[in-house]
Each structure stands twice: as C-alpha cells, then as structure tokens.
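**Student:** need a structure here:
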Amino acid sequence: MFQLVRGNVLPACVGSSMYFYTHTAWESESKDTSKRNTREALEITEVAKTFCLKGKVPPSKITVLCSYRGQASLYT
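**Tutor:** All right, here's what the predicted structure looks like:
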C-alpha cells in the first residue's frame with residue numbers, strides 16, 4: 001500500500017499527508033442503528049473542499065476514513 005502513495009507530492013495548502021481530527025461533539029444514532037456525527041462530517045467535508053479548491057487536489061486523491069456506516073452517507 002505504501003508504494004501507491006510514496007511518490008505523492010503534497011499540495012502547498014497542507015503540511016502533512018495525514019491528519020487526525022479530534023473534537024467534543026457527540027455521536028447520535030441513525031435510522032439504521034449505526035452511529036453518526038453530523039458536525040464531524042460537515043467539518044471534514046469542508047477540509048476536503050479546501051484541499052480541492054485551494055490545493056488543487058483532485059477529489060479522487062482524497063480519502064476520508066469513517067468507522068460508522070451511518071456517517072459515511074453524510075460525506076458528499
């Protein structure tokens with residue numbers, strides 16, 4: 001897997017190829033009983049948009065890992 005990303009060049013708008021995000025917003029249950037955190041999804045979406053617009057990073061080069069199935073549908 002490392003071989004796939006080793007040669008990637010970081011855009012000027014970021015200082016690292018990986019970020020961890022922490023916050024104090026609570027999760028809620030979605031209708032399919034999976035957890036979700038709407039605030040987290042909105043903020044991460046804005047970060048990804050910034051990478052695309054200011055860093056000229058193609059959306060196909062951005063990965064958001066999410067451990068909740070109920071939250072994955074919030075990323076657009």
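**Student:** Quick one: residues in contact with stretch 35-42.
**Tutor:** The contact list for stretch 35-42, computed with Cβ atoms under 8 Å, 6 or more residues apart in numbering, reads 21, 23, 25-30, 66, 68, 70-71, 74-75. Where C-beta positions appear, they are placed from N, C-alpha and C, glycine not excepted.
**Student:** Check the burial of the nearest residue to residue 66 once chain neighbours are set aside by counting its neighbours.
**Tutor:** Leaving aside its chain neighbours, residue 66 sits nearest to residue 72 (5.0 Å; criterion: Cβ to Cβ, 6 or more residues apart in numbering). For residue 72, the count of nearby residues is 14 (other Cβ atoms under 10 Å).
**Student:** among the contacts of stretch 35-42, who's most crowded?
**Tutor:** Busiest of those [other Cβ under 10 Å] is residue 71, holding 21 neighbours.
**Student:** Which one among the contacts of stretch 35-42 sits at the bottom for pLDDT?
**Tutor:** By pLDDT, residue 30 ranks lowest within the contacts of stretch 35-42, coming in at 64.
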